[in-house]
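Engineer: coordinates only, sequence not included:
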């Protein structure tokens, strides 16, 4: 595996606002996150949803929160997403791209920027996320290059997505109920010689110094440890090595790459909002297992108006890794 160690980069271009974003597990961070493009940082929002939709009843407000996190994920990590699109080992520029688990469009718009002659089909299970994506496409003047398809890709029959030259899945494959079957379906979908790019975050981003929170040093790391059992049960494919899975599905692996993400918070106002939203989502999966003292300290960080609010900190950063696998359909 080729490791590309990147120096800290500025957070995102504002036109990726509203960012590939992630998570997901994100990022979009997951819990969202990744990212993502699709999902928000795992807490567990579900990045650009490729699988199970959550657009029902009381989840409406949660979906709005996911969308905001996905936009922030895309903004903060925009340079890293653009770097990945530049690295892709393409033999020629793609004309038709499918973005699986597109979320609010972080990957879609990065790909449109990178390949000005391409059209993107954005697929997600969330109608709300796709509506947001369409609104952004109109604002950017690229609505004629974007098609949106609402679909739950855990269903046996996928919608007709054409025969794309490039399929992009950022922080979405690990959400699939049967990822091995999904990989085989993507291979059948691709045009011969087409490329499949799988992008995944290495888990939930870190935002705080190791000695934070004051009075409860190591708080963030304990929160991450507490979330591991949740994700092991609910998102078993997070952190998987997709290389062997891709070759088992009939792809030829053309390369993989690890990108270190280390963005200083002082370089982007969005980092504070991203950290706040991401940790709020993380809290949802760990509140019942955190020690009371840690939960109280976390809640003080998450009190946007409080004296210990994470928004008041000047030592925030976004630290995580993204891995991209590029796999080709040879015939």
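Structural biologist: Received the coordinates, thanks. Just so it is clear, the model here is predicted, and its values are computed rather than measured.

Engineer: can we go C-alpha only for contacts and neighbour counts from here?
Structural biologist: Will do.

Engineer: would you map the strands across the protein?
Structural biologist: 2-4, 96-100, 119-124, 146-150, 166-170, 195-201, 252-264, 317-328 (DSSP state E).

Engineer: could I get the ones you listed as JSON lines with mean pLDDT, mean neighbour count and distance to residue 138?
Structural biologist: Below are these laid out as JSON lines (pLDDT from 0 to 100; neighbours: other CA atoms under 10 Å; distance: least, CA to CA, whole Å):
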{"stretch": "strand 2-4", "mean pLDDT": "38", "mean neighbour count": "10", "distance to residue 138": "35"}
{"stretch": "strand 96-100", "mean pLDDT": "98", "mean neighbour count": "27", "distance to residue 138": "18"}
{"stretch": "strand 119-124", "mean pLDDT": "97", "mean neighbour count": "26", "distance to residue 138": "14"}
{"stretch": "strand 146-150", "mean pLDDT": "97", "mean neighbour count": "18", "distance to residue 138": "9"}
{"stretch": "strand 166-170", "mean pLDDT": "96", "mean neighbour count": "29", "distance to residue 138": "22"}
{"stretch": "strand 195-201", "mean pLDDT": "93", "mean neighbour count": "29", "distance to residue 138": "26"}
{"stretch": "strand 252-264", "mean pLDDT": "91", "mean neighbour count": "20", "distance to residue 138": "30"}
{"stretch": "strand 317-328", "mean pLDDT": "92", "mean neighbour count": "22", "distance to residue 138": "29"}
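
Engineer: make JSON lines out of those and add distance to residue 106.
Structural biologist: Converted to JSON lines, the strands of the chain look like this (distance: least, CA to CA, whole Å):
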{"stretch": "strand 2-4", "distance to residue 106": "21"}
{"stretch": "strand 96-100", "distance to residue 106": "10"}
{"stretch": "strand 119-124", "distance to residue 106": "11"}
{"stretch": "strand 146-150", "distance to residue 106": "13"}
{"stretch": "strand 166-170", "distance to residue 106": "9"}
{"stretch": "strand 195-201", "distance to residue 106": "12"}
{"stretch": "strand 252-264", "distance to residue 106": "16"}
{"stretch": "strand 317-328", "distance to residue 106": "15"}
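
Engineer: minimum distance to residue 307: which of these has it?
Structural biologist: Nearest of the strands of the chain to residue 307, taken as CA to CA: strand 317-328 at 19.5 Å.

Engineer: contact partners for the nearest residue to residue 146 once chain neighbours are set aside?
Structural biologist: The shortest distance from residue 146 to any non-neighbouring residue, by CA to CA, 6 or more residues apart in numbering, is to residue 120 (5.0 Å). Taking CA atoms under 8 Å, 6 or more residues apart in numbering, we find residue 120 in contact with 96-99, 108, 111-112, 145-147.

Engineer: out of those residues, which one sits closest to residue 309?
Structural biologist: Nearest member of the contacts of residue 120 to residue 309, counting by CA to CA, is residue 108, at 33.3 Å.

Engineer: distance of that closest one from residue 134?
Structural biologist: Distance, residue 108 to residue 134, using CA to CA, to the nearest Å: 11 Å.

Engineer: about what we covered before: for the residue nearest to residue 146, list each beta-bridge partner.
Structural biologist: Beta-bridge pairing for residue 120 (DSSP bridges): residue 97, residue 146.

Engineer: thinking again about what came up before, between residue 108 and residue 134, which one's more packed in?
Structural biologist: Per other CA atoms under 10 Å, whichever of residue 108 and residue 134 has more neighbours is residue 108, with 30 against 20.

Engineer: contacting residues for the more buried one?
Structural biologist: Per CA under 8 Å, 6+ apart, neighbours of residue 108: 20, 99, 102, 120, 122.

Engineer: lowest-confidence helix or strand of the chain?
Structural biologist: strand 2-4 (a mean of 38; mean pLDDT, DSSP states H and E).
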